[in-house]
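[1] build me a model from this:
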Amino acid sequence: MPATATRRSPLATAYRTHTCGELRDAHAGERVKLAGWVHAYRHQGKGLVFVDLRDRAGLTQVTFDMEDSPADVLEAGSKLRQEDAVSVEGIVRIKESPNPKLPTGKIEVVVESVEVLAKTAPPPLLPSDDDTLPSEEGRLTNRYLDLRRPAMQRILQVRHEVGAIAREYFHSIGFLEVETPILCKSTPEGALDFLVPSRMNPGQWYALPQSPQLFKQILMVAGCDRYFQITKCFRDEDLRADRQPEFTQIDLEMSFVTREDVMRAMEGFARKLWKNVLDVDVPELRRMTYREAMDTYGIDRPDLRYGLELVDVSDIARRTDFKVFTGALEKPRGVVKAIRVPGGSHVLTRKITDGYTEFVKTFGAGGVPVTKVVEGGKLEGGVAKFLEPLATDLIARMGAAPGDTILFGADTYSVVTKSLGELRQKVARDMKLLDAPSAPKWSFLWVVDFPMFEWDAETSRFFAMHHPFTAPSPEDVGRFMAADPREHDTVESIVSAGYDMVVNGSEIGGGSIRIHQQDVQKKVFHLLGISEEEAQAKFSFLLEALRFGAPPHGGIAFGLDRLVMHLAGVDNIRDVIAFPKTQTGADLMCDCPSPVDKAQLDELYIKSTFAG
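    Okay, here's the model as predicted:
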């Protein structure tokens, strides 16, 4: 078969002229080389073998044909098995039966020579996106095979694109990429630190950073003006589907800025990211206060793609003798709130709503009273008999119609908002609200005006809602400076200059304007019950830096892993990290954490007290 001149790919190597995703009908007649793994093979008999060859770029069918392939090449091709690594050379020709599902589906490569680069042992899993995948444990144990799957390769590509877009965007608006230490001082930031012993300083320890917070503030004092970093962070905390002990942040800080300056720059980044990766135009982001989010959605990161708002019906509930309601309203900050579920009576069976009671108990609530709306402006089922005199007012307040279900929460404000906020999301899934054709694909917003402090009754002290370096809002500075830690309501009412970017009910970035004045920082420590001695011991380098003309500054940190989850359309953070940990913090592929030799511990002056 005569060949035309080969146009080599920019990705050509000694083993290939093109990747397995590049060839098209325009390449017909060219002599090419491909290298990759055997994805599938089909022996057709009569000297004909089809092999789908796969690399990161895609699949190409290569054909071993007795008419055009030498006998020894045909024999070698007939012995290939899935996941063998091979390089083939041959002529591109148009297929008689094209495969419209593949970009390379119009062509095949007729093999004239083959080199088996590595035979494979029987693989414990095949890199396929079909239903033959093993358990997640099997995937993570054999991650090198799992990552060969086209779906995982696409996720790695998205992750790469996010990093590349971030660097290009922030470079274009004047940010400097600066690396901050991984071995640093242990500082309280809300989770346990991972500690690293110092061999050269016996009995002393480094901590792995929970974030670069103090360093990026010091970079602002140092005149960096705009700092950017894609960095690893470490938190020793209980894990879940969207949390890992080591994770990646796109970390940023800006000098001489207000909240508006930071939010405008970061909104531009979100627009560029969604446009470049998904070709989605992100509109101007809606803003919602923390209080509105909690009152209406029960959560500070609400998903606005569906309704199911929380409605306060406390005033109506006061007129009933239903003890669940009256007992709740007798509590300090007791409330009764309700959720209207349009069409819920047709979907939410008694079994499902009974399950909601068990669900909300995990959030401290006692249960979920329920009723449904029927014709004639009446209520039926559940707690309807207790609410009969209130039916007209309740239905009007909820905007309910026949066929709707109404779910109630009755307890303290914090318990009701937390439990109904979580229940709201479960109801949306049960009602398949996000599967409706009319459901919006994306919902972006800023949540602003967070409280600076929250009171913890168990420890009888205040905690910083964000972190202790968050500044009060400009409007609240006077009240903040005059606040007495004994006046709980006053302290809890102080609003911070913090902000979170939320997408589809997930916080993808959080930040604030920072404190740049020593007296303000000392006041925060005072309200948090941190003594001057403790503050100096933990934050002396930042406090010292603030003495020397610190500029007004603020920033944000985006969770890169969560960004990739949204952009790649997956809901498990372990799918967007090349080598993740399990929910127990284990790396199944590397078999760690694992014991170390006693000699290593002796060198570090460490003695294990673990008796297991």
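[2] from Trp205, how far off is Glu267?
    Distance check for Glu267 against Trp205: by C-beta to C-beta, to the nearest Å, it reads 40 Å. For every residue, glycine as well, the C-beta is placed using N, CA and C.
[3] and the helix or strand containing Thr248, what does it pack onto?
    Element membership for Thr248, per DSSP states H and E: strand 246-255. Here strand 246-255 touches helix 213-221, strand 226-234, helix 259-278, strand 553-559, helix 560-568, going by 3 or more C-beta pairs under 8 Å, 6 or more residues apart in numbering; DSSP states H and E.
[4] beta partners of Ser113?
    Glu89 (DSSP bridges).
[5] thought it was touching Gly77?
    No - taking C-beta atoms under 8 Å as the contact criterion, Ser113 and Gly77 are not neighbours in contact, 10.6 Å apart.
[6] more neighbours, those two?
    For the pair Ser113 and Gly77, the greater number of neighbours falls to Gly77 (25 against 14), based on other C-beta atoms under 10 Å.
[7] which residue packs closest to that one, ignoring adjacent ones?
    In space, not counting the residues next to it along the chain, Gly77 is nearest to Phe64; the distance is 3.4 Å by C-beta to C-beta, 6 or more residues apart in numbering.
[8] can you report phi and psi for the one you found?
    Main-chain dihedrals, Phe64, degrees, to the nearest 10: phi -100, psi 110.
[9] what bridges to it?
    According to DSSP bridges, the residues that bridge with Phe64 are Val49.
[10] roughly how far does it sit from Pro123?
    As judged by C-beta to C-beta, Phe64 and Pro123 stand 22 Å apart.
[11] these two: which is more packed in?
    Phe64 (28 against 14).
[12] what lies in contact with stretch 580-598?
    By C-beta atoms under 8 Å, 6 or more residues apart in numbering, the residues outside stretch 580-598 that reach it are 137, 140-144, 239-240, 244-246, 573-574, 579.
[13] ok, of these, which one's closest to Arg24?
    Distance from Arg24 was checked for each of those by C-beta to C-beta. The minimum falls on Tyr144, at 30.6 Å.
[14] from Pro283, how far off is Ala270?
    When C-beta to C-beta is the yardstick, Ala270 and Pro283 sit 11 Å from each other.
[15] all helices of the stretch 351-500 of the chain, in order?
    Defined through DSSP state H, counting those that start in this stretch, the helices belonging to the stretch 351-500 of the chain, from first to last, are 384-387, 391-398, 413-430, 477-482, 488-492.
[16] also the stretch 1-150 of the chain?
    Listed from the start of the chain, the stretch 1-150 of the chain has helices (DSSP H, counting those that start in this stretch) covering 71-78, 136-141, 143-146, 150-172.
[17] pLDDT weak spots in this protein?
    Within the chain, the ranges that satisfy pLDDT under 70 run 1-2, 5, 188-190, 241, 612.
[18] switch the cut-off to 80
    For the chain, the stretches with pLDDT under 80 are 1-7, 46, 129-133, 187-191, 239-242, 611-612.
[19] and for the nearest residue to Phe228 once chain neighbours are set aside, the neighbour number?
    The spatial neighbour of Phe228 that comes closest, neighbours along the chain excluded (C-beta to C-beta, 6+ apart), is Phe175 at 3.9 Å. Neighbours of Phe175 under the rule other C-beta under 10 Å: 21.
[20] would you list every one of the strands in the stretch 251-400 of the chain?
    286-289, 310-312, 334-341, 370-374, 378-380 (DSSP state E, counting those that start in this stretch).
[21] which of these sits closest to Val503?
    If you check each of the strands of the stretch 251-400 of the chain against Val503 by C-beta to C-beta, strand 286-289 wins as the nearest, at 11.8 Å.
[22] hang on, the earlier thing: Throw the helices of the stretch 1-150 of the chain into TSV and include distance to Asp55, thanks.
    Rendered in TSV, the data for these read as follows (distance: least, C-beta to C-beta, whole Å):
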stretch	distance to Asp55
helix 71-78	18
helix 136-141	20
helix 143-146	15
helix 150-172	9
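[23] now distance to Gly421 too, for the helices and strands packed on strand 246-255, in CSV please.
    Putting the helices and strands packed on strand 246-255 into CSV (distance: least, C-beta to C-beta, whole Å) gives the following:
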stretch, distance to Gly421
helix 213-221, 28
strand 226-234, 27
helix 259-278, 24
strand 553-559, 20
helix 560-568, 19
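[24] now do the strand holding Thr248: distance to the chain's middle.
    What separates the centre of strand 246-255 from the centre of its chain is 15 Å, taken as C-alpha atoms, centre = their mean, to the nearest Å.
[25] what pairs with that strand, and is each one parallel or antiparallel?
    Pairing partners of strand 246-255, with direction, according to DSSP bridges: strand 226-234 (antiparallel), strand 553-559 (antiparallel).
[26] minimum distance to Val368: which of those strands has it?
    Ranking those by proximity to Val368 (C-beta to C-beta) places strand 553-559 first, at 31.7 Å.
[27] now the angle from the closest one to helix 560-568?
    Direction vectors for strand 553-559 and helix 560-568, defined by axes from the mean of the first three to the mean of the last three C-alpha atoms, to 10 degrees, enclose an angle of 60 degrees.
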